Each structure stands twice: as C-alpha cells, then as structure tokens.
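**Q** okay, structure incoming, though there's no sequence with it:
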C-alpha cells in the first residue's frame, strides 16, 4: 500500500470508527490521557473464560481524540477482539504502528500509542496487575 492509501484508511477509521462507545457490561476498562494535546481515551473490554484461558470477546473505546489517536483506537479494537487475553496483552508499539501504516513522527507518536496505553490499563486491571508503559511487546 502507498502512503495515500494509509492516510485514507486512517481518515476512514477517524470518520467511521469501529466499536466506538461505552460498553455495557464491560468486565474491565482503562483510561489514558495525553495532557499535552487533550486526547482522552477509555477502552472497554468483555473478557470471558476460565483462568488462564480468557478471551477478549468484545472491545470498544470512547473519548475525545485526534484523527491518529481515534484511528489507532478503532484499529486496536478490531485487533484484540476474539484474541486470547494473554496474546492480546502482548500487542505492542510495533503492531499498533503497523496497523496505522505510517510513521507518525515524534510529535504524534504519543497520539498513536495512547489507545495502547488505555487497552493495557484495561487488560491489566482484569488480570489484576498494574499496566506498565515500558511493556513494548512486538505483537
């Protein structure tokens, strides 16, 4: 794909985000805020299954964010839905940037990765751990 198609994909996810809205019956949620630009994203997950075999059945997000942040959140909900919680937890910076298909540059990198921070906060709250910003799995 060329750069124009990637930008078109980002704009499509921004204008028509997948799985946007507060989820009723979520088993966990996590929020991340970028105080520098005002992006504010909350991830909601329904995680089911017996201990050690949990699956992310549903994922959604809500909040106010720029185009890159909203697109990344939309793409990330698609990415984690239906995955084993342990596998979803390993998704990292590299995978999010691959989904976006662009290199956002240092000024927009935080925008692109904010949904990952919110997702990690949600999944780790479910698993009973604290999210670690340093957790940069390659997933």
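**A** Thanks, I have it. Source: prediction; values computed, not measured. Numbers count the residues shown, from 1 in each chain.

**Q** which parts of this protein are helices?
**A** For the chain, helices defined by DSSP state H occupy the ranges 3-15, 67-80, 85-89, 93-100, 105-127.

**Q** give me the mean pLDDT for the first one.
**A** Averaged across helix 3-15, pLDDT comes to 79.

**Q** what number of residues lie near the closest residue to residue 33 other than its chain neighbours?
**A** On the basis of CB to CB, 6 or more residues apart in numbering, the spatially nearest residue to residue 33 that is not a chain neighbour turns out to be residue 40, at 4.8 Å. No exception for glycine: its C-beta is placed from N, CA and C like everyone else's. Taking other CB atoms under 10 Å as the criterion, the count of residues near residue 40 is 17.

**Q** thinking again about what came up before, tabulate the helices of the chain in TSV, adding columns for mean neighbour count and distance to residue 61.
**A** What follows is the helices of the chain, written out as TSV (neighbours: other CB atoms under 10 Å; distance: least, CB to CB, whole Å):
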stretch	mean neighbour count	distance to residue 61
helix 3-15	14	11
helix 67-80	24	4
helix 85-89	18	14
helix 93-100	17	13
helix 105-127	20	7
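
**Q** go through those helices and name the closest to residue 28.
**A** Closest to residue 28 of the helices of the chain is helix 105-127 (CB to CB; 3.9 Å).

**Q** got the phi and psi for residue 16?
**A** phi -130, psi 70 (degrees, to the nearest 10).

**Q** OK, contacts around it?
**A** For residue 16, no residue counts as a contact, taking CB atoms under 8 Å, 6 or more residues apart in numbering as the criterion.

**Q** do the same with residue 116
**A** For residue 116, the contact set (CB under 8 Å, 6+ apart) comprises 72, 76, 91, 92, 93, 96.

**Q** widest-spaced pair of the residues you listed?
**A** Every pair in the contacts of residue 116 was compared (CB to CB); the two farthest apart turn out to be 72 and 92, at 12.8 Å.
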